[in-house]
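1. Turn this into a model:
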Amino acid sequence: MPVAIGGPERASVGTRAPPPEGSDVTDAARPKITVPGIAAMKSSGELISMITAYDATFATMVDEAGIDMILVGDSVAMVVQGRANTIGVSLAEMCYHVRMVAAAEPRALIVGDLPFGTYQSSPQQAVESSVEVLKAGAEAVKLEGGVSVAEAIAAITAVDIPVVGHIGLTPQSYHRMGGHRVQGRTEGSTPGGRERLLADAAAVEDAGAFALVVEGVPRNLAAEITEAVGIPTIGIGAGPDCDGQVLVLHDVLGLSDARYKFTTQYANLKQVGIEAVRAYCDDVKHRRWPDDEHSFH
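-> Sure, this is the predicted structure:
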C-alpha cells in the first residue's frame, strides 16, 4: 500500500484554507465571480482586482486572497519561460496554463489570453482560438488591439464567448512600438496616438467586450477613457483612475528581477526562497536532513 508523504495535514491544490483572522475576505460567503458581476462593478463603484497566475498552486493562493479576476496571460513567456517578449507563446501553451489554473477551481473569473498569431488572420480564426481557450477552462478571453480587432471581438462575442479588450501598450506590438513603450503621449490617429486610443476604446466597447485593459498610457488619458466607456477599465501603468487594476503576480511577490515604474513589490519571496533552499542544501551536505523523525521505520 502506498505511503502518503507529507501527512494528512497537507492540503491538496484547490483546497481553500480559511481566510486570515481580521481579513475582509470571507471565503464561505464569497460567491463565484461572473462576467455580469464584473460588468456591474463599474456602475456600483466597486474597484476590480486582477492578477496573473499560470498554474494551480498560484491560482489557489491568489483566489484565497480574494482576487476578482485571474489573468492567464501570455506574460508567461517573460516571467516563466524567460523570453524577451510575449510573441513566441503558442495557443497550445496558453491552453496548458489555463487548464492548470482552472484545476484550482477558483472563485475568481478566469481570463485566458489569445496569443499573437491566433486571432489576427480572420474573425473565424479568432473564434476558433477562443473556443480552444474556453475548452481549456477559461471563462473569458483577452486579445490586444482596438479598431483593428473590432471585427474579431464582434465575432467572438457573437458566439457567446466573453471578451476583455486590451489597448495602449500592447506587448504583442513589441516590434512596432520599438519595445515596451508608453503610448498616447502624442496626438494623432495613428497607432499609439491619443485620438487613436480613444477610438480603440470605443471600438472595443462597441464590438461587445465586457471589460478593457488599459496599459502603459498617461494617467489623464486613462481617466478620459474610463469616463468615456460604459465597460470597466482595468489599468496597468495607467494610473489610479481606472475601474480596476492588474499586475503580474511575479512582480507583486518579488519573484522577478524586473523593476518597472508601474509595479510594486509587496513581498520579496525570491530572497525567502533562496534562503530556504540554501538552508536545505546545507542540511543535506552536513547530513542533518533527513533526520530520524522524517524517516520511515
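
2. Glu64: neighbour count?
-> When neighbours are defined as other Cβ atoms under 10 Å, Glu64 has 22 of them. (C-beta placed from N, C-alpha, C; glycine too.)

3. Next: Asp282.
-> There are 11 residues near Asp282, going by other Cβ under 10 Å.

4. Can you tell me the SS state at it?
-> Following DSSP: H, G, I helix; E, B strand; the rest coil, Asp282 is assigned to helix.

5. Spell out, range by range, the helices that occur in the stretch 1-150 of the chain.
-> Under the criterion DSSP state H, counting those that start in this stretch, the stretch 1-150 of the chain carries helices at the ranges 35-44, 56-64, 76-79, 91-102, 123-135, 150-158.

6. Of all the residues in stretch 51-61, which ones are buried?
-> Neighbour counts over stretch 51-61 (16 or more other Cβ atoms under 10 Å) mark Ile51, Thr52, Ala53, Tyr54, Asp55, Ala56, Phe58, Ala59, Thr60, Met61 as buried.

7. I'd like to know the average pLDDT value across that stretch.
-> For stretch 51-61, mean pLDDT rounds to 98.

8. Restrict it to CA atoms and write it as CSV.
-> Taking C-alpha atoms only, stretch 51-61 is exported to CSV below (Å, rounded to 0.1, in the frame of the first residue of the first chain):
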residue,chain,number,x,y,z
ILE,A,51,-3.6,39.5,-11.2
THR,A,52,-1.8,36.9,-13.3
ALA,A,53,-1.4,33.2,-12.4
TYR,A,54,-0.1,30.4,-14.6
ASP,A,55,-0.6,27.2,-12.5
ALA,A,56,-2.9,25.7,-9.9
THR,A,57,-0.7,26.5,-6.9
PHE,A,58,-0.5,30.2,-7.6
ALA,A,59,-4.2,30.3,-8.7
THR,A,60,-5.2,28.8,-5.4
MET,A,61,-3.1,31.3,-3.5
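
9. what does that stretch rub up against?
-> Stretch 51-61 has contacts (Cβ atoms under 8 Å, 6 or more residues apart in numbering) with 13-16, 62, 67, 69-73, 75-76, 79-80, 97, 100-101, 103-104, 106, 108, 246-250, 252.

10. List buried residues within these.
-> Buried members of the contacts of stretch 51-61, scored by 16+ other Cβ under 10 Å, are 16, 62, 67, 69-73, 75-76, 79-80, 97, 100-101, 103-104, 106, 108, 246-250, 252.

11. Any idea how far the lowest-mean-pLDDT helix or strand in the chain is from the middle of the chain?
-> Among the helical and strand segments of the chain, the one scoring lowest on mean pLDDT, DSSP states H and E is helix 174-177, with a mean of 86. What separates the centre of helix 174-177 from the centre of its chain is 21 Å, taken as Cα atoms, centre = their mean, to the nearest Å.

12. got it, and stretch 191-200?
-> Distance of stretch 191-200 from the chain centroid (Cα atoms, centre = their mean) equals 23 Å.

13. Need the contact partners of that stretch.
-> Residues contacting stretch 191-200 (Cβ under 8 Å, 6+ apart): 145-147, 167-168, 173, 176-177, 183-190, 217, 221, 224-225, 228.

14. so of the residues you listed, which ones are in helices?
-> Those of the contacts of stretch 191-200 mapping onto helices are Arg176, Met177, Leu221, Glu224, Ile225, Ala228, per DSSP state H.

15. out of those residues, who has the most neighbours?
-> Going by other Cβ under 10 Å, Ile225 tops these with 26 neighbours.

16. pLDDT score for the nearest residue to Ala140 once chain neighbours are set aside?
-> Closest residue to Ala140 apart from its sequence neighbours, by Cβ to Cβ, 6 or more residues apart in numbering: Pro162 at 3.9 Å. Pro162 is assigned 98 on the pLDDT scale.

17. Identify the residues contacting Pro162.
-> Taking Cβ under 8 Å, 6+ apart, one finds Val35, Glu139, Ala140, Val141, Phe210 in contact with Pro162.
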